[in-house]
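In: make a model of this:
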Amino acid sequence: MYRFFTDRENIDTDNRTVLIKGEDQNHIKNVLRMKKGEEVSVMAVGDSREYRCAVRSYPDDAVDLELLFIKESDTELPCEVVIYQALPKADKMETVITKSVELGATRIVPVATKRSVVKLDEAKAAKKVERWNAISESAAKQSKRAIIPQVSQVLSLEEALSDCADCNVRIIPYELAGPDTAGDTRRLIESIEKGMKVAVFIGPEGGFTDEEIEAAKAANVVPVTLGRRILRTETAAMVVLSWLIYTQEI
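Out: I've put the predicted structure just below:
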């Protein structure tokens, strides 16, 4: 079943009416060509409930849906996870965003680090962020998320370390942490409780510099190991999120 997002003001529970506007309206009407009676799932920004609806009609610039029933959404991780991803090469950021959203990340923050090959000026960064947010929305719909995770503006590492100050747990996968720290990593991941906010810092292709790791430690970000193998930058966040799915949901 297709999932779409709308503003809370477009949901009228008293009259059992839900409206879809904008690009989703065009997609439902002209791309999917959905007929009267076909069902869709609708989420409202900031609302954890799922609105199950059926297509009723196509008034100007909207899809008029009949509200069938409401259910609590259970697709979100019990903890909030913010991925601080160092800017990778080529289109790898799109992969990170897609998979992080599918696996339950709450927010993705692009970070410019010393070894990031990609350098974005303000204009290019704004266009990239706009595209990245569209990718996040698409992934959220596909994976039946209750929210659309935000992709923020590009931050420096210093700004990112300040940004995560409200997180309960802050980790940074680091290849030099060593497999002998696996027990500490396991205990830290398993200590994360429902409702906590978790920051995960992922390095670029060349890894973090020693100075960046020291800066992270000074900000109470804990180096952890992801195992004996060196992972690609686009793989690391997936591993951490998979751990959290296992410890939080299974």
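In: just name the shakiest helix or strand of the chain by mean pLDDT.
Out: Least confident helix or strand of the chain, by mean pLDDT, DSSP states H and E, is helix 182-190 with a mean of 90.
In: can you give me the buried ones in it?
Out: Applying a neighbour-count criterion of 16 or more other Cβ atoms under 10 Å, one finds T185, I189 buried in helix 182-190. C-betas here are computed from N, CA, C, even on glycine.
In: that helix packs against which elements?
Out: Packing contacts for helix 182-190, counted by 3 or more Cβ pairs under 8 Å, 6 or more residues apart in numbering; DSSP states H and E, involve strand 222-224, helix 233-249.
In: if I look at the closest residue to F5 other than its chain neighbours, how far off is I20?
Out: Leaving out its chain neighbours, the residue that sits closest to F5 by Cβ to Cβ, 6 or more residues apart in numbering is M43, at 5.3 Å. The gap separating M43 from I20 is 11 Å, by Cβ to Cβ, to the nearest Å.
In: quickly list what's touching both of these two.
Out: Overlap between the contact sets of M43 and I20, as judged by Cβ atoms under 8 Å, 6 or more residues apart in numbering, is given by F4, T6.
In: on that earlier part again, so can I have a markdown table of the helices and strands packed on helix 182-190 showing mean neighbour count?
Out: Shown next, in a markdown table, are the helices and strands packed on helix 182-190 (neighbours: other Cβ atoms under 10 Å):
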| stretch | mean neighbour count |
| --- | --- |
| strand 222-224 | 19 |
| helix 233-249 | 18 |
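In: would you reformat the ones you listed as CSV and include distance to A125 and mean pLDDT?
Out: Shown next, in CSV, are the helices and strands packed on helix 182-190 (distance: least, Cβ to Cβ, whole Å; pLDDT from 0 to 100):
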stretch, distance to A125, mean pLDDT
strand 222-224, 28, 94
helix 233-249, 18, 95
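In: regarding this structure, what is its longest helix?
Out: Ordering each helix of the chain by length in residues (DSSP state H) puts helix 122-142 first.
In: how far off centre is the least confident helix or strand of the chain?
Out: In this view, helix 182-190 has its centroid 23 Å away from the chain centroid, taken as Cα atoms, centre = their mean, to the nearest Å.
In: change the start of the numbering to 38 and stick with it
Out: Fine by me, first position is 38 from now on; the one you just mentioned is helix 219-227.
In: need the contact list for the nearest residue to E131 once chain neighbours are set aside.
Out: Of all residues not flanking E131 in the chain, I172 sits nearest, at 5.5 Å (Cβ to Cβ, 6+ apart). By Cβ under 8 Å, 6+ apart, the contact list for I172 reads E131, I134, T135, V188.
In: for the longest helix of the chain, output the C-alpha coordinates as PDB.
Out: Extracted in PDB, the C-alpha atoms of helix 159-179 (Å, rounded to 0.1, in the frame of the first residue of the first chain):
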ATOM      1  CA  GLU A 159      27.000  27.600  -0.100                       C
ATOM      2  CA  ALA A 160      25.000  27.500  -3.400                       C
ATOM      3  CA  LYS A 161      25.900  23.900  -4.200                       C
ATOM      4  CA  ALA A 162      25.200  22.800  -0.700                       C
ATOM      5  CA  ALA A 163      21.700  24.300  -0.700                       C
ATOM      6  CA  LYS A 164      20.900  22.500  -3.900                       C
ATOM      7  CA  LYS A 165      22.300  19.200  -2.600                       C
ATOM      8  CA  VAL A 166      20.400  19.500   0.700                       C
ATOM      9  CA  GLU A 167      17.200  20.100  -1.200                       C
ATOM     10  CA  ARG A 168      17.700  16.900  -3.300                       C
ATOM     11  CA  TRP A 169      18.800  14.900  -0.200                       C
ATOM     12  CA  ASN A 170      15.600  15.900   1.600                       C
ATOM     13  CA  ALA A 171      13.500  14.700  -1.500                       C
ATOM     14  CA  ILE A 172      15.400  11.400  -1.300                       C
ATOM     15  CA  SER A 173      14.600  11.100   2.400                       C
ATOM     16  CA  GLU A 174      11.000  11.700   1.800                       C
ATOM     17  CA  SER A 175      10.900   9.100  -0.900                       C
ATOM     18  CA  ALA A 176      12.600   6.600   1.300                       C
ATOM     19  CA  ALA A 177      10.300   7.400   4.200                       C
ATOM     20  CA  LYS A 178       7.300   6.700   2.000                       C
ATOM     21  CA  GLN A 179       8.700   3.400   0.700                       C
END
